[in-house]
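Engineer: Sequence plus the predicted model coming up.
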Amino acid sequence: MTDPATAGGRGPTSHGAVRVARLGGMTAQIVGRSAWGRVQVWRGADQVRVREAASRANAETMRSTLGSLKGGVQKAGQLLSTLDSLLPAGDWREAVDSLQEAGEPVAFEALEPVLVAGLGKGWRSRFAGDFNQTPVASASLGQVYRATWADGRDVAVKVQYPGVAAAVRADLTGLTWALRLAALVSPGMAAAPVAQELRMRVQGELDYVAEAEAQRRFAAAFDGDPDIAVPAVVAAAPTVLVTQWLSGTPLATFAATGSQPERDAVGARFQRFALSAPARVGLLHADPHPGNFRVLDDGRLGVLDFGAVVPMPGGLPPTFGHLISAMRSDDPAEVARRLELAGLVRPGADLDVAALMDFLGPFSDPARHEVFSFSPEWLQGQFAREHDPRNPDYAVALKLTIPPDQLMTHRVWLGIVGVLSRLRATVPVLPELRRWMSGID
């Protein structure tokens, strides 16, 4: 019988028991390899070779399972790729990179009813020529096709998998324990926050009409921008989104192939997009994984996905600037004094300043410099702090007067820093912060 979650199938199965079983099987394979590896070492096998072989096999097991199940679990892999420094080097990073662009495709016959529902029974007449039924990308929540609109424009057609919403709900019940068990036997993986982040992001990404509205706002704000390209929305329905086609080099590929000056330039554009969007659009782009960006032939940075956004009318909140300013000192007593002067500490709160400094270290450290060089090694050093910024204790931060929904953008900013580190970009930091964030001293 054909597995509905594999290539040529009918899309992601929404049966919770099936999906949890697949996740459990992935975890069992990883744990089993770890146990067998210990037996091999006990029998005299070379420990390094055994560990490397198990790592390669475990990475491939994760890639194939997450990629075939679609839905929330593949989205988890994309989230992991944003912070590639939290994964062991080599096979694990290559495995999650593959989830950005190349999941297992779903048969077109399974998706055509979605096109009919979204664009009407005569949906084919809205395109010029034959509709190419081979997808150019199979993502976590939908599949993308390249086509020609009736007016001659090249377009990307994103079609949501049938049943994916129910599948995501099932994923969230099984993903946390599966990845935590995997992390126990794969040193260097800090995957526990993934399921929590999925709850925050994925539900909004299932509504393509809302995504289209956000994309229209970004496209209008960045129209004519010399550094940023946002494709126009051509048509939208709840589960179908048609946008202008953008050709370019995926950011993950560019990070590995671009020269230092090229990566610096792209890093500066990426940082400016992230910081300026709240002021220019009133929205924060909240899904900064590398698969959502392209480097165009003319050097502009193309932005492809607007399913996850955070409303920020009026720009970045002044509290962000006050907080970063306070954190620019490396003296906990001085930090505490600045926080109190800015009114950022709740009355009577017993704030663990050292934990808060670790929590915000990936942001405050670059903010101390006019120009900063990001790198995976620097980011790994941040993660080696006593209080790991990847697993923040929000109870510490909630003792501040900053609204909780603003604090929860921490992971978005950490993802932005992760992309800059992956690019190994040297960029102006403090001038850009002062330009787009009020309250910076």
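Structural biologist: Done, it's in.
Engineer: what about the strands in the chain?
Structural biologist: 137-138, 142-148, 154-160, 228-229, 233-237, 240-244, 249-250, 283-285, 293-295, 301-303, 309-311, 371-373, 426-428 (DSSP state E).
Engineer: Dump the ones you listed to CSV, plus mean neighbour count, distance to His322 and mean pLDDT.
Structural biologist: For the C-beta atoms, the positions are set from N, CA and C on the backbone; glycine is no exception. Converted to CSV, the strands of the chain look like this (neighbours: other Cβ atoms under 10 Å; distance: least, Cβ to Cβ, whole Å; pLDDT from 0 to 100):
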stretch, mean neighbour count, distance to His322, mean pLDDT
strand 137-138, 20, 41, 83
strand 142-148, 20, 40, 94
strand 154-160, 22, 39, 96
strand 228-229, 21, 28, 98
strand 233-237, 19, 36, 97
strand 240-244, 24, 38, 97
strand 249-250, 18, 37, 95
strand 283-285, 21, 18, 94
strand 293-295, 23, 30, 97
strand 301-303, 22, 29, 98
strand 309-311, 18, 19, 89
strand 371-373, 15, 20, 98
strand 426-428, 19, 21, 98
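Engineer: closest to Ala107 out of the ones you listed?
Structural biologist: strand 142-148 (9.9 Å; Cβ to Cβ).
Engineer: what angle do that closest one and strand 240-244 make?
Structural biologist: Angle of strand 142-148 versus strand 240-244, following axes from the mean of the first three to the mean of the last three Cα atoms, to 10 degrees, is 50 degrees.
Engineer: quick one on the thing from earlier: want to throw the strands of the chain into a markdown table with distance to Arg411?
Structural biologist: Converted to a markdown table, the strands of the chain look like this (distance: least, Cβ to Cβ, whole Å):
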| stretch | distance to Arg411 |
| --- | --- |
| strand 137-138 | 24 |
| strand 142-148 | 23 |
| strand 154-160 | 24 |
| strand 228-229 | 23 |
| strand 233-237 | 27 |
| strand 240-244 | 25 |
| strand 249-250 | 22 |
| strand 283-285 | 12 |
| strand 293-295 | 18 |
| strand 301-303 | 19 |
| strand 309-311 | 11 |
| strand 371-373 | 20 |
| strand 426-428 | 21 |
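Engineer: for the stretch 201-350 of the chain, what spans make up the helices?
Structural biologist: Taking DSSP state H, counting those that start in this stretch to define them, one finds helices in the stretch 201-350 of the chain at 208-221, 251-257, 260-281, 318-327, 332-341.
Engineer: what's near enough to touch the nearest residue in space to Thr249 that is not next to it in sequence?
Structural biologist: Nearest non-adjacent residue to Thr249, counting by Cβ to Cβ, 6 or more residues apart in numbering: Val295, 4.7 Å away. Val295 makes contact with 248-249, 251, 254, 258, 266, 301-302 under the criterion Cβ atoms under 8 Å, 6 or more residues apart in numbering.
Engineer: circling back to that earlier point, tell me which of the strands of the chain sits nearest to Asp350.
Structural biologist: Per Cβ to Cβ, nearest to Asp350 of these: strand 309-311, 29.4 Å.
Engineer: Give the other helices and strands that that closest one contacts.
Structural biologist: strand 283-285 (3 or more Cβ pairs under 8 Å, 6 or more residues apart in numbering; DSSP states H and E).
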